[in-house]
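Enquirer: Below are the sequence and a predicted model; questions follow.
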Amino acid sequence: MSQNVFSRISGFYKRCLEDRLSAIEALGVLDEDARAHLASGGGLPTAVADRLCENVIATHALPLGLALNFRVNQRDVLVPMAVEEPSVIAAASNAARMVRLSGGFTGEADPPIMTAQVQLDDVPDVDAAASRVVAARASLLAAGDAAIPRMVARGGGCRDVEARVLSAELGVLVVHLYVEVGDAMGANLVDTVAEAVAPLVQRIAGGTLGLRILSNLTVRRLVRVTATASDEALGGAEVASGIARAIRFAELDPYRAATHNKGFMNGLDATAVALGQDFRAIEAGAHAYAAMSGRYRPLSTWERIPGGVVGRAELPLAVGTVGGLAEVHAGVRAALQLVGAKSARELAVVLASVGLASNLAALRALASEGIQRGHMRLHERKRALAAAGSGGAAASPSGEAKRFAPERADGARVVQQGEGET
Ligand SMILES: CC(C)(COP(=O)([O-])OP(=O)([O-])OC[C@H]1O[C@@H](n2cnc3c(N)ncnc32)[C@H](O)[C@@H]1OP(=O)([O-])[O-])[C@@H](O)C(=O)NCCC(=O)NCCSC(=O)C[C@@](C)(O)CC(=O)[O-]
Ligand SMILES: NC(=O)C1=CN([C@@H]2O[C@H](COP(=O)(O)OP(=O)(O)OC[C@H]3O[C@@H](n4cnc5c(N)ncnc54)[C@H](OP(=O)(O)O)[C@@H]3O)[C@@H](O)[C@H]2O)C=CC1
């Protein structure tokens, strides 16, 4: 399968659904199963669903769309998003188009190091116990590695030990084991390590054993991305200055920072859902990191530079290209093929870039015309559907829900065959 896609497909949204799918199939990034899955409308067989969680009675669908125009570390990327909110995909595509004119997103992710926590209470002389734990580093790493031999064989495993005294008075000691998890998100692997090393940790430190679980604040698994956009692409110097002023607002005010970060997570979460990632874990880590300085802050900044703005974001991001749903959900497999990330680290950089794009699109709109024109124009289509009732089937003139084509501003239905890519 080819991975040399060209993600700048102008006017993609004006085509009908079948034409969009054909255009993507023609790129050659999907295998036969993924093509068949998407051509059949996606979804999940109930027999598979019945194995994924408990008490299953049906499946519950979301639209799957593609955000376009992304270029990340010199590679064009198609970004699948599973999301119900209108304008999220359009907005990310819009900002990616602007950033692309300045060369695209660049970024790097730390090695995939997860954190296992072991809690001990009532530890006598807790500072001395912490020193003993650190001194026993080699045997703790070996005990952890022994619990995950296949991960060690593929080059991962336990890397470091840290002892944190949370309360000297109460003798609360928490021991961290840092575990490299390859291309997995790693939660189950790390929980295995936490439970395996806990008895040894207790023998070394004393006290009463408590929880043995990963931390979702994966501070040794950060991703950093940056992007620039020119005044011209943004719609003028005033808009660019407005974006930089929006950052000052978010830095000064947690009420604004929460909305800023919601906008940042818009496309990131949608992509994480399409890719079968644990979005609860991603959200927990991102917001905990945003508050790490003691004050809740924006996950991204945009700074004025001559002729434009430069954006930067840093956040913990534990995602995987293997494990979780990757082997069992045909839609997730198709989404992973569309993104084409070769490793968990590469995937993390793509996801953080999507976050920065969502953030830029929202700030550009907020700093210029306001959010409502673009957002509500797309929201209206949903309202029309709701007014027509019965989830869309009744709204389609042919009675065929799948043949839904977007409406242009003039209300005409648009079905364009063979529209050229630019
Ligand atoms: C909505 C747009 C993109 C319209 O923007 P526009 O200026 O009308 O777009 P355009 O016609 O100039 O098209 C530019 C590009 O946008 C994309 N695009 C344009 N229209 C579509 C569409 N229908 N479907 C798919 N893609 C679309 C497409 O890539 C297109 O390129 P082209 O294909 O023409 O070469 C713009 O107004 C925008 O970016 N708005 C931001 C919307 C947004 O952020 N929505 C998120 C929900 S609001 C929220 O939750 C967060 C918030 C706002 O509270 C966060 C915060 O406060 O920070
Ligand atoms: N707080 C949280 O965030 C929690 C999350 N979870 C859930 O845990 C799941 C994620 O855990 P995770 O451990 O990633 O998933 P899995 O349990 O699916 O483990 C990953 C699997 O991938 C296999 N694998 C194959 N190739 C590789 C490779 N190159 N690198 C790494 N692993 C490879 C591993 O094989 P092998 O066994 O041979 O090593 C392992 O079986 C998610 O479903 C999440 O929702 C669970 C508990 C808590």
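Expert: Structure's in. What do you need? As the structure is a prediction and not an experimental result, all values here were calculated from the model. Ligands and ions are numbered 1, 2, ... in the order given.
Enquirer: contacts, neighbours, all on C-alpha from now
Expert: Fine.
Enquirer: Could I get the average pLDDT for stretch 245-259?
Expert: Averaged across stretch 245-259, pLDDT comes to 98.
Enquirer: quick one: buried residues of the helix or strand that contains Ile247?
Expert: Ile247 is part of helix 237-252, with elements assigned from DSSP states H and E. By 16 or more other CA atoms under 10 Å, the buried positions in helix 237-252 come out as 237, 239-248, 250-251.
Enquirer: That helix - contacts with which helices or strands?
Expert: helix 231-234, helix 254-274, strand 300-305, strand 308-316, helix 344-366 (3 or more CA pairs under 8 Å, 6 or more residues apart in numbering; DSSP states H and E).
Enquirer: Quick one: name the residues of the stretch 101-250 of the chain near ligand 2.
Expert: 150-151, 181-189, 216 (CA under 6 Å from any ligand atom).
Enquirer: Using TSV, please lay out those together with distance to ligand 1.
Expert: Listed next are these as TSV, based on distance: CA to the nearest ligand atom, whole Å:
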residue	distance to ligand 1
Arg150	42
Met151	39
Val181	33
Gly182	33
Asp183	30
Ala184	29
Met185	27
Gly186	30
Ala187	29
Asn188	32
Leu189	34
Asn216	24
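Enquirer: filter the residues you listed to the buried ones?
Expert: Judged by 16+ other CA under 10 Å, buried ones among these: 151, 181-187, 189, 216.
Enquirer: Looking at those residues, which are in helices?
Expert: The helices, defined by DSSP state H, take in 151, 187, 189 from these.
Enquirer: Compute the number of surrounding residues for Gly11.
Expert: As a burial measure, Gly11 scores 12 neighbours (other CA atoms under 10 Å).
Enquirer: ignore the last one, Asn55
Expert: So Asn55, with other CA under 10 Å, has 9 neighbours.
Enquirer: State whether it is indeed within a helix.
Expert: No - the assignment for Asn55 by DSSP: H, G, I helix; E, B strand; the rest coil gives coil, which leaves it out of any helix.
Enquirer: Distance of the nearest residue in space to Leu325 that is not next to it in sequence relative to Gly285?
Expert: In space, and not counting its chain neighbours, Leu325 is closest to Gly276: 5.6 Å by CA to CA, 6 or more residues apart in numbering. Gly276 sits 17 Å away from Gly285, going by CA to CA, to the nearest Å.
Enquirer: likewise Ala335?
Expert: 23 Å.
Enquirer: Would you mind telling me which of the two has more residues around it?
Expert: With neighbours defined as other CA under 10 Å, Ala335 and Gly285 compare such that Ala335 has more, 28 against 20.
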